[in-house]
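Chemist: after the sequence you'll find the predicted model.
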Amino acid sequence: MFSLLRKIVKRTLIGSALGVGGTAAVVIYNVGSSKWSDSHTWGSATKHYLTNKFMVCLGFVSFRQLVKQSKDVRQTQAEFLLEQITKNKHTQYGRDHNFGSIQSVAEFRHSQPLSRYQNYQPYVDMIQAGDLLAMTADKPAQLAVTSGTSGQSSLLPTTADIFKRFFLSGIAVLFQRLHETQPEWVTLQKSMKLFYTPRWRHTAHGLLIGPNSSNPDSAKRIYHLYTTPPPAYGIMTEPEALYIHLLFGLMDSNLGIIESNFASTIYTAFKTLEKRWPELVKDIETGVLNPDLDIPDDVRDEIQREMKPNAERARELKKQFELGFDNLAQRIWPSLNLILATTTGTMSLYHKALSSTTCSAVPTYSPIYGASEGLLGVNLVPGRPQPSYCLVPSAQFFEFIKTADSFDEQPNTLLIHELEVGEEYEVVVTNPSGLYRYRLGDVVQVVEYFNEIPVVKFKYRQGQMLNLHGEKLSEESFYRTLQESAKAWGAEILDYSTCENVLDEKATDCTPHYLVFIESENPIEKPEILDEILQENHPVYRSFRAKGSIGGLKVVQVKRGSFVQLKEWMLKNTDASSNQIKIPRVLKNKEVVTMM
């Protein structure tokens, strides 16, 4: 008997060894036959390969789950909502709002009013004071700083559940969709990921305060997918960090993806390339990091150790730069597969600029519809030119307000299965981080259905004004700042409008900034006052200014009658009548900006 057992064990071990050996052989073959980035070693390329496979497999499971949910979306939504209510009924918020008596979706909607941030401010204050369970049964992982669309940044608790759902139902699914629809894009070529280390804060009790969007601190496990060496993430100023991103991206002739949260960041990168390519090429040729960069000595030393002279690559880059900037991305990176970034809403302006110049031959994929409040939707069709997003019913409980009713404080809402294709709606969410019937401020349009789930196109943020870098200045907050500035100037503002510098064809400064067109009775002295007061009133804007992500706004005092001319132009070039014309506070047309 023991002899037989030994034979069985021996055969099992031999079989397992052959199985493992066979699997290793397949991995080695697949890695060896794939296209690599220049900086990969066998070890890092294998790690990249295994990461891709893991994400695709995880995404396959997550996508199957989404398909299942799409065939009974009402049940999925009801289960999600009641899970949140039951889980959080003993929190301070849950007790205050009588969650213990809620047994159905109908009871929830009947008993709970639509909410805005001010409804949660007292509970956020409790969290900051140390009561971490004021809003959620799970301790928050951090207080997320919102982008401040309403003119002031808000703090929202973010639980681990939010991150988990975002990863499984968002990031993993996008990997699966890329692999299934565009398998040639899922390679062992690295990405040039343009993101920056945030300046974190903490509450008095140690709870982290900062953005919950993608950043280097949240991506440490996948640094091997990116061209930028890890020491560079210790650079806290954006112009210097961007220079390093570009430097190591240019070194890699087999770059696969240019990636960022927003298209505006990629636009800024290419404007920086236009201005600073001679310095970057020199660094690549000599293998010596630009001595003029203002970065810490220890970080400089670590980055320098990652560099080697490459005269051949420098000569090729110089040749391509000297040919001009049209279709530059494809010429300096012939194997570049795609640009991965949000291109909808205010980002469409930058996407259009990229698509018509430096990145004209490179496909783009706007993969995720998300916010500080969590995952909202996933773009299931990477190759589609106009991105749309399948809502994720296991990430939020969704309600919708017809845009005609948006100005009402407590309008009626529709559920996810009650929407009509072609109509626009304001989004309302209940999420795992303690927000209930929360008016998000996004307006979306339903373009089709994925089984029973609406597929939507993001249209705009209500009240949004300007958004260079995710700061989202509202019309109201900017106007208050302008009025304060007018008092300091002793000037009467007759009219004004604004634009982002991407529309200014004469701009020489590649740093993103605003232009403010002002018509006033008298000359404006010390125009920089407007930027100073805007920083005082808008913490997110101040943060980006301090980091160098956004440059100082430029005040353009236009001649008298300029806004009359603008009105006349609008009457000639739009369908609006004179009774309807309102001066736009954000200009989106290059012709109009030139005219101003």
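Modeler: Everything's here; your move.
Chemist: going by C-alpha atoms from here, please, whenever you check contacts or count neighbours.
Modeler: Will do.
Chemist: so what's the residue nearest to residue 201 when sequence neighbours are not counted bridging to?
Modeler: Distance criterion C-alpha to C-alpha, 6 or more residues apart in numbering; nearest residue to residue 201, sequence neighbours excluded, is residue 209 at 5.0 Å. Beta-bridge pairing of residue 209 under DSSP bridges involves residue 143, residue 201.
Chemist: and residue 209, how far from residue 37?
Modeler: Separation of residue 209 from residue 37 (C-alpha to C-alpha, to the nearest Å): 36 Å.
Chemist: which strand or helix spans the closest residue to residue 92 other than its chain neighbours?
Modeler: Nearest residue to residue 92, sequence neighbours excluded (C-alpha to C-alpha, 6+ apart): residue 134, at 4.9 Å. Residue 134 belongs to no helix or strand when assigned by DSSP states H and E.
Chemist: next, count neighbours for residue 134.
Modeler: For residue 134, the count of nearby residues is 24 (other C-alpha atoms under 10 Å).
Chemist: tell me where the stretch 1-150 of the chain has helices.
Modeler: Counting by DSSP state H, counting those that start in this stretch, the stretch 1-150 of the chain has helices at residues 2-32, 42-70, 73-87, 92-96, 105-111, 121-128.
Chemist: distance from the last one to the middle of the chain?
Modeler: So the one you mean is helix 121-128. Mean C-alpha position of helix 121-128 versus that of the full chain (C-alpha atoms, centre = their mean, to the nearest Å) differs by 26 Å.
Chemist: what pLDDT, on average, does it get?
Modeler: Mean pLDDT, computed over helix 121-128, is 96.
Chemist: quick check, the residue nearest to residue 201 in contact with residue 144.
Modeler: Yes - using C-alpha atoms under 8 Å, residue 209 is in contact with residue 144, at 6.0 Å.
Chemist: overlap in contacts, the two.
Modeler: Counting by C-alpha atoms under 8 Å, 6 or more residues apart in numbering, the residues touching both residue 209 and residue 144 are residue 155.
Chemist: please tell me how far residue 397 sits from residue 539.
Modeler: On the measure of C-alpha to C-alpha, residue 397 and residue 539 end up 30 Å apart.
Chemist: ranges for the helices of the stretch 151-300 of the chain?
Modeler: Here the stretch 151-300 of the chain has its helices, by DSSP H, counting those that start in this stretch, at 160-166, 172-181, 238-251, 263-286, 297-304.
Chemist: elements contacting the longest one?
Modeler: Secondary structure elements in contact with helix 263-286, counted by 3 or more C-alpha pairs under 8 Å, 6 or more residues apart in numbering; DSSP states H and E, are helix 238-251, strand 257-262, helix 311-322, helix 348-356.
Chemist: of these, give the one that comes closest to residue 585.
Modeler: helix 348-356 (15.9 Å; C-alpha to C-alpha).
Chemist: so where's the chain shaky on pLDDT?
Modeler: Under the criterion pLDDT under 70, the flagged ranges of the chain are 1-22, 147-153, 346, 349, 463-465, 472, 474-476, 505, 571, 574-582.
Chemist: pick out the residue nearest the middle of it.
Modeler: In the chain, the C-alpha nearest the mean C-alpha coordinate belongs to residue 261, at 3.3 Å (C-alpha atoms, centre = their mean).
Chemist: leaving out chain neighbours, which residue sits closest to it?
Modeler: residue 341 (5.2 Å).
Chemist: residue 168 now?
Modeler: Counting by C-alpha to C-alpha, 6+ apart, the residue nearest residue 168 is residue 62, at 6.3 Å.
Chemist: try residue 527
Modeler: Of all residues not flanking residue 527 in the chain, residue 555 sits nearest, at 6.1 Å (C-alpha to C-alpha, 6+ apart).
Chemist: is it correct that that neighbour falls within a strand?
Modeler: Yes - assessed by DSSP: H, G, I helix; E, B strand; the rest coil, residue 555 belongs to a strand.
Chemist: that one and residue 519 touch, don't they?
Modeler: No - at 10.4 Å, residue 555 and residue 519 do not qualify as touching, with contact defined as C-alpha under 8 Å.
Chemist: circling back: tell me which of residue 209 and residue 37 has more neighbours.
Modeler: Using other C-alpha under 10 Å, the more surrounded residue of residue 209 and residue 37 is residue 37, with 23 against 20.
Chemist: got phi/psi on the residue nearest to the more buried one when sequence neighbours are not counted?
Modeler: For residue 37, ignoring the flanking residues on the chain, the nearest one in space by C-alpha to C-alpha, 6+ apart is residue 189 at 4.5 Å. Dihedral pair for residue 189: phi -80, psi 140, per degrees, to the nearest 10.
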